[in-house]
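**Q** Structure for the following, please:
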Amino acid sequence: MALLPILTLPDPRLRKISDPVERVNAEILTILDDMLETMYAAPGIGLAAIQVAVAKRMVVVDIGKSEEERDPLFLINPEIVWASEELSSYNEGCLSVPDYFDDVKRPALVRVRHLDRAGKTQEFDAAGLLATVVQHELEHLEGGLFIDNISRLKRERVVKKFAKAARFDEIAAQRREAARQSEEAGA
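**A** Alright, predicted model coming up:
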């Protein structure tokens, strides 16, 4: 297994709609295992493949609070087939929008259909935190981020903050490269 780099805002790949998995094979299972390891290391409780630059409809979720409570879910081509009208609100965060949290309202109960690791169709009902995490991750598969569910003003502030940080990172990388080239030229 390998740790994968997690894309962060403002990376435009996060807005890409993910393609269905055509066949569950060894490559898909390896990606899922790598995603799970990456999610645990981050640490997080959900990760969509697009967040690690794989535009496939795959999600890993584990809401266990400790290593002993781990019970990972591997969702391939997941879809919500039913959602309650009742809403619940959770203070959400995202590995792709680090260190930012806000309240988001989503259906309190959902029924999810997906393929499992053996390629068999499964369904389960989710409530509470699990329902929130599943909906949050499936939103990624459609090119969405949880900040799309907050006010426009808050969303614009978050996007501006991350865009500014990305520009600073790019400038710093350019300066490091220029310094490296200067050292090589002088050596």
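**Q** all contacts plus neighbour counts: C-alpha atoms, from now on.
**A** Fine.
**Q** I'd say residue 91 and residue 104 touch.
**A** Yes. Taking contacts as Cα atoms under 8 Å, residue 91 lies within contact range of residue 104: 6.3 Å.
**Q** between the two, who's got more neighbours?
**A** Neighbour count, other Cα atoms under 10 Å: between residue 91 and residue 104, residue 104 has more, with 19 against 11.
**Q** buried ones in the helix or strand where that one lies?
**A** Take DSSP states H and E as the rule and residue 104 turns out to sit in strand 97-107. Residues of strand 97-107 classed as buried: 97, 104, 106, 107 (neighbour count, 16 or more other Cα atoms under 10 Å).
**Q** Output the contacting helices and strands for that strand.
**A** Counting contacts by 3 or more Cα pairs under 8 Å, 6 or more residues apart in numbering; DSSP states H and E, strand 97-107 packs against strand 87-94, helix 128-141.
**Q** buried ones in the first one?
**A** This points to strand 87-94. Residues 88, 92, 93, 94 are the ones in strand 87-94 that count as buried (16+ other Cα under 10 Å).
**Q** Let me have those in JSON lines, adding distance to residue 18 and pLDDT as columns.
**A** Output for the buried residues of strand 87-94, formatted as JSON lines (distance: Cα to Cα, whole Å; pLDDT from 0 to 100):
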{"residue": "88", "distance to residue 18": "27", "pLDDT": "97"}
{"residue": "92", "distance to residue 18": "22", "pLDDT": "98"}
{"residue": "93", "distance to residue 18": "21", "pLDDT": "97"}
{"residue": "94", "distance to residue 18": "18", "pLDDT": "98"}
